Structures are given as structure tokens and as C-alpha cells.
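Asker: Could you work out the structure for the sequence below:
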Amino acid sequence: MLEGCKTAQERWGGVHVIIDRWLEQRRKLVEIALYLRDRGEMTPTDTPKIQAMCEMLVDYVSAGHFTVYEQLAIEAKEFHDDGAVVLLGELLPLIDSSTEVAIEFNDKYDTKEHCNAQLEALPFSLQALIVVMAERFQYEDQLIKELHEAHSEKNA
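Answerer: As a prediction, the model looks like this:
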């Protein structure tokens, strides 16, 4: 009975916290990717930072797919927002293609041995990843705006 008494803000406030944490992960990921890109030529001393970035990348992508997008879809359905559900269906395949690029990058550079064997190619791989992820971030921002912020305004 008490569950039914929750306000929309109480119900969806948790989604806001999830999104905030996720966007903070994104900020840290971008920060380290840009740092590495700006370093130019990589050396074996960069390997721990590269591995840390790979871990952040996989965590970020996983959180999107297994937490954030799912919560946004639930929220859209709860608000009977068919347009938002359609948008999610349109954008997720575009996001999925960037997930494949992120996983390939991780598989290529996730261990010390992988990094050291391919340090010469890293700046090019990193630049390609940055471009793909920037596009992904635009899609994700669109999802947040259309699926979450629109519903937050309805709560107010």
C-alpha cells in the first residue's frame, strides 16, 4: 500500500542518481582518453593508464546497457510515452555499434602484453575510439533529454 503512495519524484529520483553517476563515469573516461591522446607517442610506462581506461570504458558501456537504458525504458513505459520508447528503439542500434568498437578497443589494449605489443598503433586506435564515443555520447544525451528530462518536467 505504501508503495502505491510514492510520488513520481520518489520513484524516479533513483534514475536521476543513476544517470548522474554514469555521467560522472563518462567525464572521467573522457578525461583519461584525452590525456592519452594528447601524450602522442606511447611508452610502456603508459600501460597502466591505458589499462585503467579500458576498465573504465567497459564499466561505462556496461552501465549504459544494463542499467541506464533499461531504467529509461521503464520510465518511458510508466509514463506511457510511446514516442520515447520508439526513440529508444531507434537509437539503441546506433549505440550498439559503438559498443562493438569499445569492446574491440578493450580486447586490443586490456592487458600489459596487449598494450606493449601495439603501442605504436594506440594513438590511431584511441583517436578512432574518441570519435565513435563522441557520437555515442550525443545519442545518449538525446535519450536522457527525451526519456528522462521530459518525464522529470511532468513530475514538477
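
Asker: going forward, measure contacts and count neighbours with C-alpha atoms only.
Answerer: Will do.

Asker: what's the spacing between the biggest helix by length in the chain and its chain's center?
Answerer: In the chain, with assignment by DSSP state H, the single longest helix is helix 8-39. Distance of helix 8-39 from the chain centroid (Cα atoms, centre = their mean, to the nearest Å) equals 8 Å.

Asker: Tell me the buried residues in that helix?
Answerer: 12, 15-16, 18-19, 22-23, 25-26, 28-30, 32-33, 36-37 (16 or more other Cα atoms under 10 Å).

Asker: low pLDDT regions in the protein?
Answerer: 1-14, 148-156 (pLDDT under 70).

Asker: the helices in it, which residues?
Answerer: For the chain, helices defined by DSSP H occupy the ranges 8-39, 47-63, 69-78, 82-109, 112-117, 122-143, 150-155.

Asker: Against which helices or strands is the first one packed?
Answerer: To tie it back to what came earlier, the one meant is helix 8-39. If you count contacts as 3 or more Cα pairs under 8 Å, 6 or more residues apart in numbering; DSSP states H and E, helix 8-39 packs onto helix 47-63, helix 69-78, helix 122-143, helix 150-155.

Asker: ok and the second one relative to helix 47-63, angle-wise?
Answerer: Right, the one you point to is helix 69-78. 20 degrees (axes from the mean of the first three to the mean of the last three Cα atoms, to 10 degrees).

Asker: With just CA atoms, put helix 69-78 into CSV.
Answerer: This file holds the C-alpha atoms of helix 69-78, laid out as CSV (Å, rounded to 0.1, in the frame of the first residue of the first chain):
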residue,chain,number,x,y,z
TYR,A,69,19.0,2.4,-20.9
GLU,A,70,16.9,-0.1,-19.0
GLN,A,71,15.8,2.4,-16.4
LEU,A,72,15.0,5.0,-19.1
ALA,A,73,12.8,2.4,-20.9
ILE,A,74,11.0,1.5,-17.8
GLU,A,75,10.4,5.2,-17.0
ALA,A,76,9.1,5.9,-20.6
LYS,A,77,6.7,2.9,-20.3
GLU,A,78,5.5,4.1,-16.9
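
Asker: who does that helix touch, helix- and strand-wise?
Answerer: helix 8-39, helix 82-109.
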